[in-house]
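J.: Generate a structure from the sequence data that follows.
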Amino acid sequence: MAFDPLTIGMLAVLAILVFFMFRNSRKRQREAAELQQKVQVGADVMTNFGVFGTILDIDDENNKVQLETTPGTVLTVHRQVVTRVIDDHDTDNHDSDDTVVSTTEPAFGERVEETHEVEASSDPTPTTPGTTPSKTDKVDE
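T.: This next block holds a predicted model:
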């Protein structure tokens, strides 16, 4: 049975995909094990729904973690909800990444008061009450 080049190429691509699939799986398992080692009482953590808190207690039997989000507020969450342990250097990096915003340009989505300027007329004829000013008349707002 002879294999044509197309079949050999497809088998090679399949072998590469399987290799990367196992590699990524091992990498995720290693990262999950490192996270579980870092999850200890007193650690500052972030949950997958964005709540920051400090771990007060870990119940390994029921897979529950008690987080103190603010003084006096304690949340009980599943252990797998804790997705990130916040280190001191993580918060320092976020503070230094602040971008400088130009004062001449508004930020994206910022409302800006528009100033309506009407060209001054070279014709000094004033408008009379009850009439509509033309485009060339100056309008005081």
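J.: Which pLDDT does the model give residue 113?
T.: Per-residue confidence (pLDDT) for residue 113: 74.
J.: Now do the helices in this structure.
T.: Remark: helices assigned in the chain by DSSP state H are 5-38, 88-96.
J.: What residues sit buried inside stretch 43-60?
T.: 44-47, 53, 55, 58 (16 or more other CB atoms under 10 Å). Bear in mind the C-beta positions are built from the backbone N, C-alpha and C, glycine included.
J.: Name the residues that touch that stretch?
T.: 39-42, 64-69, 74-75, 77, 79, 81-86 (CB atoms under 8 Å, 6 or more residues apart in numbering).
J.: Repeat the analysis, applying 10 Å as the threshold.
T.: Stretch 43-60 is contacted by residues 35, 38-42, 64-70, 73-88, 90-91 when judged by CB atoms under 10 Å, 6 or more residues apart in numbering.
J.: Buried among those? Make that a PyMOL selection.
T.: A single PyMOL command selects the buried members of the contacts of stretch 43-60 (16+ other CB under 10 Å):
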select buried, resi 39+65+66+67+77+81+82+85+86
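J.: What's the end-to-end length of stretch 37-45?
T.: 13 Å (CA to CA, to the nearest Å).
J.: I meant stretch 48-62, not that one.
T.: 19 Å.
J.: start the count at 43, not 1, going forward
T.: Right, with 43 as the first residue, what we last looked at is stretch 90-104.
J.: Bridging across strands, which residues link to residue 94?
T.: Note on residue 94: beta-bridge partners residue 88, judged by DSSP bridges.
J.: Quick check: it vs residue 85, distance?
T.: Residue 94 sits 11 Å away from residue 85, going by CB to CB, to the nearest Å.
J.: go on, residue 52?
T.: Distance from residue 52 to residue 85, by CB to CB: 48 Å.
J.: same deal with residue 115?
T.: 17 Å.
J.: Also residue 64?
T.: Residue 64 is 31 Å from residue 85, by CB to CB.
J.: want to throw the helices of the chain into CSV with distance to residue 152?
T.: Shown next, in CSV, are the helices of the chain (distance: least, CB to CB, whole Å):
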stretch, distance to residue 152
helix 47-80, 38
helix 130-138, 22
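J.: Which of those comes out lowest on mean pLDDT?
T.: Among those, helix 130-138 scores lowest, at a mean of 51.
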